[in-house]
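> curious how this folds, go ahead:
(one chain, ligands or ions: 1)
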Amino acid sequence: MKSVPLRWLIVTPFIVLTLISGITLYFVSTITISNIANTVGIQYIKEVEGRIYDRVQNFMEPLSNIVDTNLHAFSHRPALLDDLTPIAGRFYEQATPYNQMTFISTATVDGRYVSSAQDPINRGKHNIAANFVHQPLTMEGFEYDPVNFIGPKILSDATFSYDPRTRPFYLDAIKENKMTWSAIHPYYGYPTLGIGLSAPIYDQKGTLLGVTATSIALRELDKYLESLELVEGAYIFLAEENGALIATSEGGELYRTTEGLTTRVNLNSHPNKVLQLASGQLATGTHQLNVDGQEYLYFVRAISLNYGKKWLIGILIPSAYHKSILAEYTQSTILITLALFLCTGLMGSLIAWYIGKPIHRLNEAANNKNITSIQQLPHPLSNIREINSLSQGLRSMADNLFDIMQNLEKKVAERTSVLQGENDSLLENSLTDELTQLYNRRGLKQVLEQSLGKAQQHHQKITLVLCDIDHFKQINDEYGHTAGDLALTAVAANLKNHTRLAEDIVARYGGEEFVLVFINTEVTQVMQRLNSIRDHFKSNPVVHHQHITMSFGVVHANADSAISAKELIEQADKKLYEAKNSGRDKIVV
Ligand SMILES: Nc1nc2c(ncn2[C@@H]2O[C@H](COP(=O)(O)OP(=O)(O)OP(=O)(O)O)[C@@H](O)[C@H]2O)c(=O)[nH]1
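Residues are numbered from 1 along each chain as shown. Coordinates of the predicted model:
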């Protein structure tokens, strides 16, 4: 199996994980992002819509509460309507908390009218209007007086003839004979719409006493929608069920006056194309709207006010908005994830390097032919316990091996020395004649060739003598073999005594035949030696008073002669043969 580097083993899983995570995150985010964006968008819309719903409800609630309260009071205590002056104070106080409560009024069946009148735009302009104070059915404006309720007349206000029973709020309430909403209408002279709620007053016997009403300016709702901080490109509208606008986040006009004719702005005629197209889908619920290629999430919710009034809230948000936010988040998440994996991979690589480096060093030392490279490894080798214990193990193994090797070397040296001795002894034995301790024929061959080569190299003379004991058989026959051996030993000693130990050679050539080699010696000197040898035999018996003689064949080679050892011996043999044949005890040169 192919081995894998530690670094790759650690880093590869992180690279694979990074790729898988990146690809998975990319696909998951691409597929789910639009669903999530829609869900988030709808959540956002619902949250905004809830706030608007509550705001509109809170805004409109006082209207019906006040009418309800007054209706209840007058129908149970009709006498209150006998004097409308305190009613002026009551209405003034009721309107005080609400800046947009333009009128809180009551008209009686006999045509009297009193109201708390409030400027729909300019806050603080809060007065009393009544048509019975100085002249019946003549409307006048009055300052509020906390004691008398109706204070001095406001001179700047126009005085005009006014019969409330001819006004829509009165007529509608009588006609419907119940709590009735007025149509939403502009306040003349003011840039705001308004709406009223009126109810006929009956006493407990069912006698009609008049009509009580309130009206409110709706400009606050428009300002509220405008003030909402929405995502860029979003729109909100508040409209009636037929699409007539009550308020928008646009802050655009809500009614137009053309040639004295005032008309409400409807969604379907709105200059903003998004709002205009929104008019096509006023059913409550979630819709998708495409305006010039731009997708909008569009949500419509109904607001049910008291007494059967129903309005619509519409919210439009560009779908791209949440998608782009989510895409940014997803992108960041992917990048952070990838960066994390990358860092982890790098960290893994560093760890691998940290672990791998001492292992690599161990490996190098282990592969080195010199065992000391393991012994010389630093200690501790690494901060990793396992690697240190491996290094320690390897070091002690190397120490043991080192000791074993040293012992082995010592034993081999000892053994080699013994073998060398044995070898020397064997060699000596193989070259020496056991009986006479002279060179045997093999020894003679070896030393003769060396001496001959040396003599020829140094241009020295060399003389070889082959000699044989005469009639040696008779000694054996007469005295036995042991005596013959003693005789041979005595001959060898005599020959040896007449040669120079360092330079000359004495050898037993075989049986009772011997060889003498004289280096750098004149023939006359050789002859002297041979004669001395012969003399010694004459005066010294070799065994049992037995004297012997020897025959000699002498070959002399000059300094420049190129004769071989073999030729020397052959020639000497011939001379010896001559000596033997010519009567023995002779030297033939
Ligand atoms: N004791 C003993 N006798 C040996 C040894 N080697 C050879 N001989 C004897 O030497 C004798 C040699 O005899 P021969 O070859 O007939 O020669 P010889 O009697 O000396 O006569 P010539 O050489 O002709 O003078 C034989 O009897 C051998 O047995 C040895 O190592 N010990």
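> quick one: the helices in the chain?
In the chain, the helices defined using DSSP state H lie at 6-76, 84-95, 168-176, 219-227, 273-278, 319-367, 372-375, 385-431, 441-457, 472-479, 481-497, 523-539, 565-581.
> out of the ones you listed, nearest to residue 510?
helix 441-457 (6.0 Å; C-beta to C-beta). C-beta here means a position set from N, CA and C on the backbone, and glycine is covered the same way.
> for that closest one, give the mean pLDDT please.
What helix 441-457 shows for mean pLDDT is 89.
> sorry, back to before: the ligand: which of the helices of the chain is closest?
helix 481-497 (2.2 Å; C-beta to the nearest ligand atom).
> could you check the angle helix 472-479 makes with that closest one?
Computed by axes from the mean of the first three to the mean of the last three C-alpha atoms, to 10 degrees, the angle separating helix 481-497 from helix 472-479 equals 140 degrees.
> list the buried residues in helix 481-497.
483-484, 486-496 (16 or more other C-beta atoms under 10 Å).
> need the residues of this protein near the ligand, please.
The chain comes close to the ligand at residues 468-473, 476, 481, 484-485, 488, 511-512, 580, 584, as judged by C-beta under 6 Å from any ligand atom.
> among those, name the buried ones.
With neighbours counted by 16+ other C-beta under 10 Å, those contain buried members at 468-470, 472, 476, 484, 488, 512, 580.
> tell me what the helix or strand of the chain with the lowest mean pLDDT is packed against?
With mean pLDDT, DSSP states H and E as the measure, the helix or strand of the chain carrying the lowest mean pLDDT is helix 319-367 (a mean of 82). Secondary-structure packing of helix 319-367 (3 or more C-beta pairs under 8 Å, 6 or more residues apart in numbering; DSSP states H and E): helix 6-76, strand 294-304, helix 372-375, helix 385-431.
> how does it look with 6 Å?
helix 6-76 (3 or more C-beta pairs under 6 Å, 6 or more residues apart in numbering; DSSP states H and E).
> next one: the helix it packs on to chain centre, how far?
35 Å (C-alpha atoms, centre = their mean, to the nearest Å).
> save the buried ones among the residues of the chain next to the ligand as TSV, and put in distance to residue 37 and pLDDT too.
Formatted as TSV, those follow (distance: C-beta to C-beta, whole Å; pLDDT from 0 to 100):
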residue	distance to residue 37	pLDDT
468	132	96
469	134	94
470	138	94
472	134	92
476	134	91
484	132	93
488	128	94
512	130	93
580	137	93
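> just give me the closest of the residues you listed to residue 92.
residue 488 (173.8 Å).
> quick one, what contacts the closest one?
When contacts are counted by C-beta atoms under 6 Å, 6 or more residues apart in numbering, residue 488 touches residue 435.
> what sits up against stretch 503-523?
Stretch 503-523 is contacted from outside by 433, 436, 438-439, 441, 444, 447, 451, 455, 460-469, 472, 495-496, 499, 526, 556, using C-beta under 6 Å, 6+ apart.
> and it, C-alpha only, in PDB?
Taking Å, rounded to 0.1, in the frame of the first residue of the first chain, the C-alpha atoms of stretch 503-523 are listed here in PDB:
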ATOM      1  CA  GLU A 503      71.200 -16.900   4.000                       C
ATOM      2  CA  ASP A 504      71.800 -20.500   3.000                       C
ATOM      3  CA  ILE A 505      69.100 -23.200   2.700                       C
ATOM      4  CA  VAL A 506      69.200 -26.800   4.000                       C
ATOM      5  CA  ALA A 507      66.300 -29.100   3.000                       C
ATOM      6  CA  ARG A 508      65.500 -32.800   3.000                       C
ATOM      7  CA  TYR A 509      64.600 -33.400  -0.600                       C
ATOM      8  CA  GLY A 510      63.200 -36.900   0.200                       C
ATOM      9  CA  GLY A 511      64.300 -40.200   1.800                       C
ATOM     10  CA  GLU A 512      68.000 -39.900   2.400                       C
ATOM     11  CA  GLU A 513      68.500 -37.100  -0.100                       C
ATOM     12  CA  PHE A 514      69.200 -33.500   1.000                       C
ATOM     13  CA  VAL A 515      69.700 -30.100  -0.800                       C
ATOM     14  CA  LEU A 516      72.000 -27.400   0.200                       C
ATOM     15  CA  VAL A 517      71.800 -23.900  -1.400                       C
ATOM     16  CA  PHE A 518      74.500 -21.300  -0.900                       C
ATOM     17  CA  ILE A 519      73.900 -17.700  -1.900                       C
ATOM     18  CA  ASN A 520      76.600 -15.400  -3.100                       C
ATOM     19  CA  THR A 521      79.200 -18.000  -2.300                       C
ATOM     20  CA  GLU A 522      82.200 -18.900  -4.400                       C
ATOM     21  CA  VAL A 523      82.500 -22.500  -5.600                       C
END
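> and it, how far out from the chain middle?
Distance, centroid of stretch 503-523 to centroid of chain: 95 Å (C-alpha atoms, centre = their mean).
> do stretch 219-235 as well
Counting by C-alpha atoms, centre = their mean, stretch 219-235 is centred 48 Å from the centre of its parent chain.
> got it, and stretch 269-289?
Taking C-alpha atoms, centre = their mean, one finds the center of stretch 269-289 at 51 Å from the center of the full chain.
> how about it: buried residues?
Of the residues in stretch 269-289, those buried (16+ other C-beta under 10 Å) are 270, 274-279, 282, 287, 289.
> list the residues that contact residue 552.
Neighbouring residues of residue 552 by C-beta under 6 Å, 6+ apart: 465, 467, 530, 587.
> ok, what's across the strand from it?
With DSSP bridges as the criterion, residue 552 is bridged to residue 467, residue 587.
> run through the stretch 401-550 of the chain and note the low-pLDDT ranges.
Within the stretch 401-550 of the chain, no range satisfies pLDDT under 70.
> tell me the contacts of residue 164?
107, 113, 170.
> what's the neighbour count on the residue nearest to it when sequence neighbours are not counted?
Leaving aside its sequence neighbours, residue 164 sits nearest to residue 107 (C-beta to C-beta, 6 or more residues apart in numbering; 3.4 Å). Look at residue 107: counted by other C-beta atoms under 10 Å, it has 29 neighbours.
> ok, back up a step: could the buried residues of stretch 269-289 go into CSV alongside distance to residue 78 and pLDDT?
Formatted as CSV, these follow (distance: C-beta to C-beta, whole Å; pLDDT from 0 to 100):
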residue, distance to residue 78, pLDDT
270, 48, 93
274, 53, 95
275, 49, 95
276, 51, 95
277, 54, 95
278, 49, 95
279, 47, 95
282, 44, 95
287, 52, 93
289, 55, 93
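> who's residue 144 bridged to?
Bridge pairing for residue 144 - DSSP bridges - gives residue 150.
> tally of neighbours for it?
20.
> if we can go back for a sec, report the angle between the least confident helix or strand of the chain and helix 385-431.
Going by the same axes, to 10 degrees, helix 319-367 makes 30 degrees with helix 385-431.
> hmm, back to that, which one of the buried residues of stretch 269-289 is nearest residue 15?
Using C-beta to C-beta, these come closest to residue 15 at residue 289, 46.1 Å.
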